[in-house]
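[1] Make a model of this:
(one chain, ligands or ions: 1)
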Amino acid sequence: MEEKKNLMTELPVTGKVTLLTFAGSYKYLTWLGCLLSGISAVIGLFPYLFMWKAVKSAVTAWPDVPAAGEMITYGWYAVGAALGSMLIYFGALLCTHLSAFRTARNMKTVALHHLTRLPVGYVKRMGSGKLRRIIDDGAGQTETYLAHQLPDLAGAMVTPVAVLFLLLFFDWRFGLISLLPMAVGLFVLTRVLMGDMENSMAQYQNALEDMNNEAVEYVRGIPVVKTFQQSIFSFKNFHESILRYKNWAVNYTVSLRIPMCAYTVSINGIFAFLIPAGLILTADLSRGTSYLKVVLDILFYVLFTPVCVTMMDKIMWTSENTLKAKDALNRVMVIIEEPPLKEPEYGGIPKDSSVEFKNVTFSYEKGKEAALQNVSFQIPQGSTVAIVGPSGGGKTTAASLIPRFYDVDSGSICVGGVDIREMNTEKLMEKISFVFQDSHLFKDTILNNIRAARPEATKKEVEQAVKAACCQDIIDKFPDGYETVVGTKGVYLSGGECQRIAIARAVLKNAPIVLLDEATAFADPDNEYQIQKAFETLVKGKTVLMIAHRLSTVRGADRILVMNQGRIEEEGNHEELIQKQGLYAAMWKDYQTSVSWKVGEKHE
Ligand SMILES: Nc1ncnc2c1ncn2[C@@H]1O[C@H](COP(=O)(O)OP(=O)(O)OP(=O)(O)O)[C@@H](O)[C@H]1O
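    Numbers count the residues shown, from 1 in each chain. Purely as a prediction, here's the structure:
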C-alpha cells in the first residue's frame with residue numbers, strides 16, 4: 001500500500017483502489033450527485049401520482065368535469081414535480097460530471113506519470129499503441145460511467161423501492177401481484193450478473209483488443225503486402241482475430257438467450273398478471289366494492305408498473321456498464337501496479353565516465369534463452385569501444401542495458417565505478433546521450449526537438465549544436481527555419497535527416513558517455529557523409545559505445561568486441577582481431593569483398 005501511496009502522489013490511497021480513488025476529494029461530488037439523482041427519481045414519480053389523481057377527480061366528477069377544480073391543481077402539481085425532478089437531475093449531473101472529469105484526468109496523469117518511472121523495456125514490450133488505448137479508453141470509459149451511468153443507476157435503484165412502497169401502500173394484494181413479474185426479472189438478472197459475467201467482460205475486452213491490434217498491424221503492413229503482392233496470407237491473422245471475436249460474441253449471446261428471454265418476457269408481461277388481479281378485485285364488487293374504485297385502482301397500476309419496467313431495464317444496462325468500467329480500471333491498474341525501476345535512497349556518485357560490464361546475463365523473458373550471457377568488458381573514460389557481430393548477437397541489447405531500459409538478471413553494470421542500480425536515474429541519464437537507428441522526432445518545431453536534450457539551452461547553443469552536427473542545410477531547407485514543425489503540412493524529414501537532428505540533440509546535451517547505434521541503412525551517400533562528420537564531433541573526448549553495422553567505421557575504435565549469440569567471442573583492436581583469423585577476420589574479408597562489388601560483375 002505504501003507503494004501505491006507513492007505512485008498516486010496527489011491521491012490519498014488507504015484501501016482497495018476503486019474508480020473514486022482517482023477522484024480524490026471530488027468523490028464527495030459523486031456521492032452528492034448520486035443522492036440528488038435518487039431524489040430526482042423519487043420526485044419523478046409524483047407527476048404520475050398527480051396525473052392519476054387528476055384523472056380520478058375528473059372521473060369522480062363525471063359528467064360535470066369542469067366542476068372538478070382539483071383536476072387542474074393536480075395537473076399543475078404534476079408539471080411542478082416534473083420540473084423539480086428535472087432541475088435536481090441537472091444538479092446531479094453537474095456534480096457527477098465535475099467528479100468524472102477529475103477522475104479521468106487523475107487516472108491518466110497517474111498512469112502516464114507512472115509510465116515514465118517504468119523501464120523503457122516495459123513500454124516496448126507492451127507496445128505504445130496498446131498502452132495508449134488502455135489509458136485513453138480506460139479514462140474515457142470511466143468518465144462516461146461516473147458522469148452518466150452511475151447517477152442513473154442510483155436513480156434506477158431508488159425508484160423500485162419507492163414504487164414498491166406505493167404499490168403496496170395502495171392495495172397490498174394488487175401490489176404483490178404486480179411485483180411478481182419484476183421479482184422474476186430481478187431473480188434472472190441477478191443470476192446472470194452473479195455468474196461469470198466479470199470474466200466474460202474481460203474475455204470480450206481481450207478479444208476486442210486482439211482484433212484492434214491485428215487491424216493496426218495489418219494497416220502498418222500494407223506497404224509490405226503490396227510490395228510482395230501478398231493478399232490473403234497477410235490478412236490471415238486479422239481475419240482470425242475477427243473470427244475469434246465473432247465466435248466469442250455468438251457463443252456469449254447464445255448462452256444468454258434463455259435468461260434474457262425469461263427476463264424480457266417476465267417484466268414485459270406485467271399486464272398478464274394485472275388482468276387476473278383485476279378479475280380478482282372485480283369479484284369483490286359483489287361484496288360491495290365500488291366499480292369506479294376498481295377501475296381507478298387498475299388505472300393506477302397501469303400507470304405505475306411500466307415505470308418499474310423501465311427502471312429494471314436501466315439497472316440491467318448500467319450493471320453491464322459497471323462491469324465494463326471495472327474492467328477498464330483493472331487494465332489501467334495493471335500498468336500502475338507494474339513495479340517501477342528501483343531508485344536508491346542516496347544515489348552513488350560516479351568517479352568518472354568509464355563503463356564496465358561485469359558478468360552480465362540478461363534475457364527479455366524469464367526462462368527464455370539469454371540475449372546476453374556472462375558478458376564482461378570495460379570502456380575506460382574517453383575511449384571508444386565498438387560492438388560488431390552477426391545479427392541477433394546481442395549488440396543492441398548490451399547498449400540498452402546501460403541507460404537501464406532493462407535491468408540485468410545477474411552481474412552488474414558500473415558507470416564511474418558505481419552500479420547503475422545504485423545511481424539515481426536522473427543522474428544516470430545526465431551522463432548518457434544516445435543516438436538510435438530509429439531516432440524519434442516529436443511533432444514540434446525543429447528548435448524544440450533539439451532542445452528536448454536540454455530545455456534551458458539558449459538559441460545560440462542550439463545553433464552551435466546544429467553546426468557541429470552538420471544540420472544547417474536541413475534548417476535552411478524550410479522557410480520557417482528552426483520554427484518548422486516536423487510532421488505537419490508536408491514537412492517531412494528523411495531517415496538520415498532525422499538522425500542528424502538526433503545527433504544535434506545529443507551534441508547539445510554534451511553528456512560524457514555516448515551510445516551510438518550506427519544507422520546508415522536509409523542514408524543516401526550525402527547524408528551518410530554528413531552523419532559520419534557529425535558523429536566525429538559528437539564523440540570527441542567522450543566515452544563511446546558504438547554498435548557498428550559496417551566494419552569500415554570500427555577500424556579506428558580503441559577496442560572492438562565481436563558478439564555472437566549473446567557472448568563476446570573475440571575482442572581486441574582491428575589489427576589484433578585480423579591476426580586471430582577468427583569471426584572478425586572472416587567478417588572483414590566478406591566486407592572487403594562486398595565493397596569491391598560492382599553491379600553486373602560476376603564473382604566466383
Ligand atoms: N524486445 C525484445 N524482446 C524479446 N527478444 C528480443 C527483443 N529484442 C531483441 N531480442 C532478442 O535478443 C537477441 C539479441 O538481439 P539484439 O537486437 O540485441 O541483437 P543485435 O546484435 O543488435 O542485432 P541486429 O544487428 O540485427 O540489430 C535476439 O535473439 C533477439 O531476437
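
[2] for the helix of greatest length in the chain, the distance to its chain's centre please.
    For the chain, the longest helix by residue count, based on DSSP state H, is helix 69-117. Here helix 69-117 shows a centroid-to-chain-centroid distance of 27 Å under the convention C-alpha atoms, centre = their mean, to the nearest Å.

[3] Report the buried residues of the helix or strand following that helix.
    Next helix or strand after helix 69-117 toward the C-terminus (DSSP states H and E): helix 120-126. Along helix 120-126, these residues count as buried under the neighbour rule (16 or more other C-beta atoms under 10 Å): 121, 122, 123, 126. C-beta: built from backbone N, CA, C; applies to glycine.

[4] Check stretch 299-316 too.
    Neighbour-count burial for stretch 299-316, counted by 16+ other C-beta under 10 Å, picks out 300-301, 304-305, 307-309, 311-316.

[5] How about stretch 338-345?
    Buried residues in stretch 338-345 (16+ other C-beta under 10 Å): 340, 341.

[6] mind checking the end-to-end distance for that stretch?
    20 Å (C-alpha to C-alpha, to the nearest Å).

[7] contacting residues around residue 471?
    497, 500, 501, 503, 504, 534 (C-beta atoms under 8 Å, 6 or more residues apart in numbering).

[8] quick one: which of those residues is nearest to the ligand?
    residue 503 (19.2 Å; C-beta to the nearest ligand atom).

[9] shouldn't that closest one be in contact with residue 535?
    Yes. Counting by C-beta atoms under 8 Å, residue 535 is a contact partner of residue 503 at 6.9 Å.

[10] If you count surrounding residues, which of these two has more?
    residue 503 (29 against 23; other C-beta atoms under 10 Å).

[11] Single out the residue in the stretch 101-250 of the chain that lies closest to the ligand.
    Relative to the ligand, the nearest point of the stretch 101-250 of the chain is residue 124 (5.6 Å; C-beta to the nearest ligand atom).

[12] contacts with the ligand among the contacts of residue 471, please.
    The subset of these within reach of the ligand, by C-beta under 6 Å from any ligand atom, is empty.

[13] So which of these sit within helices?
    497, 500, 501, 503, 504, 534.

[14] quick one, what contacts the third one?
    Counting by C-beta under 8 Å, 6+ apart, residue 501 touches 439, 441, 446, 449, 450, 469, 471, 474, 493.

[15] Pipe the residues you listed into JSON lines and attach pLDDT per row.
    Formatted as JSON lines, these follow (pLDDT from 0 to 100):
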{"residue": "439", "pLDDT": "74"}
{"residue": "441", "pLDDT": "81"}
{"residue": "446", "pLDDT": "87"}
{"residue": "449", "pLDDT": "87"}
{"residue": "450", "pLDDT": "89"}
{"residue": "469", "pLDDT": "84"}
{"residue": "471", "pLDDT": "84"}
{"residue": "474", "pLDDT": "85"}
{"residue": "493", "pLDDT": "80"}
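
[16] a markdown table for those residues, including distance to the ligand and secondary structure?
    Shown next, in a markdown table, are the contacts of residue 501 (distance: C-beta to the nearest ligand atom, whole Å; DSSP: H, G, I helix; E, B strand; the rest coil):
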| residue | distance to the ligand | secondary structure |
| --- | --- | --- |
| 439 | 15 | coil |
| 441 | 21 | coil |
| 446 | 28 | helix |
| 449 | 25 | helix |
| 450 | 26 | helix |
| 469 | 23 | coil |
| 471 | 25 | coil |
| 474 | 26 | helix |
| 493 | 23 | coil |
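
[17] Return the member of these nearest to residue 190.
    Comparing the contacts of residue 501 against residue 190 with C-beta to C-beta places residue 441 closest, at 55.0 Å.

[18] ok, that closest one - contacts?
    By C-beta under 8 Å, 6+ apart, residue 441 lies in contact with 449, 486, 487, 493, 498, 501, 502.

[19] which parts of this protein sit against the ligand?
    So the chain meets the ligand at 124, 364, 371, 389, 391, 392, 393, 394, 395, 396, 397 (C-beta under 6 Å from any ligand atom).

[20] Take those and, keeping just the buried ones, write it as a PyMOL select command.
    A single PyMOL command is used to select the members of those judged buried by 16+ other C-beta under 10 Å:
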select buried, resi 371+389+393+394+395+396+397
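
[21] and the residues of the chain next to the ligand as a markdown table, adding distance to residue 60 and secondary structure?
    Shown next, in a markdown table, are these (distance: C-beta to C-beta, whole Å; DSSP: H, G, I helix; E, B strand; the rest coil):
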| residue | distance to residue 60 | secondary structure |
| --- | --- | --- |
| 124 | 78 | helix |
| 364 | 83 | coil |
| 371 | 89 | coil |
| 389 | 99 | coil |
| 391 | 93 | coil |
| 392 | 92 | coil |
| 393 | 96 | coil |
| 394 | 93 | coil |
| 395 | 94 | helix |
| 396 | 89 | helix |
| 397 | 89 | helix |
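
[22] Tell me which two of the residues of the chain next to the ligand sit farthest apart.
    For these, the farthest-apart pair by C-beta to C-beta is 124 and 389; their separation is 21.6 Å.

[23] List the residues that contact the residue of the stretch 101-250 of the chain closest to the ligand.
    By C-beta under 8 Å, 6+ apart, the contact list for residue 124 reads residue 405.

[24] Local confidence estimate at it?
    Per-residue pLDDT puts residue 124 at 79.

[25] where's it relative to residue 335, distance?
    According to C-beta to C-beta, to the nearest Å, residue 124 and residue 335 sit 14 Å apart.

[26] With residue 57 instead?
    62 Å.

[27] One more: residue 296?
    60 Å.

[28] go on, residue 580?
    48 Å.

[29] how about the strands in the protein?
    Using DSSP state E, the strands of the chain run over 355-362, 372-379, 384-388, 410-415, 418-419, 432-435, 513-517, 543-547, 559-564, 567-572.

[30] TSV please, covering those strands and showing mean pLDDT.
    TSV is the format used below for those (pLDDT from 0 to 100):
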stretch	mean pLDDT
strand 355-362	94
strand 372-379	93
strand 384-388	92
strand 410-415	93
strand 418-419	92
strand 432-435	87
strand 513-517	89
strand 543-547	91
strand 559-564	92
strand 567-572	91
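
[31] can you list those strands in CSV and add distance to residue 478 and mean neighbour count?
    Shown next, in CSV, are these (distance: least, C-beta to C-beta, whole Å; neighbours: other C-beta atoms under 10 Å):
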stretch, distance to residue 478, mean neighbour count
strand 355-362, 38, 20
strand 372-379, 38, 18
strand 384-388, 34, 23
strand 410-415, 38, 18
strand 418-419, 43, 17
strand 432-435, 22, 24
strand 513-517, 27, 24
strand 543-547, 31, 24
strand 559-564, 40, 22
strand 567-572, 45, 17
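
[32] will you turn those strands into JSON lines that also has distance to residue 236?
    Below are the strands of the chain laid out as JSON lines (distance: least, C-beta to C-beta, whole Å):
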{"stretch": "strand 355-362", "distance to residue 236": "34"}
{"stretch": "strand 372-379", "distance to residue 236": "34"}
{"stretch": "strand 384-388", "distance to residue 236": "37"}
{"stretch": "strand 410-415", "distance to residue 236": "40"}
{"stretch": "strand 418-419", "distance to residue 236": "47"}
{"stretch": "strand 432-435", "distance to residue 236": "37"}
{"stretch": "strand 513-517", "distance to residue 236": "33"}
{"stretch": "strand 543-547", "distance to residue 236": "34"}
{"stretch": "strand 559-564", "distance to residue 236": "34"}
{"stretch": "strand 567-572", "distance to residue 236": "37"}
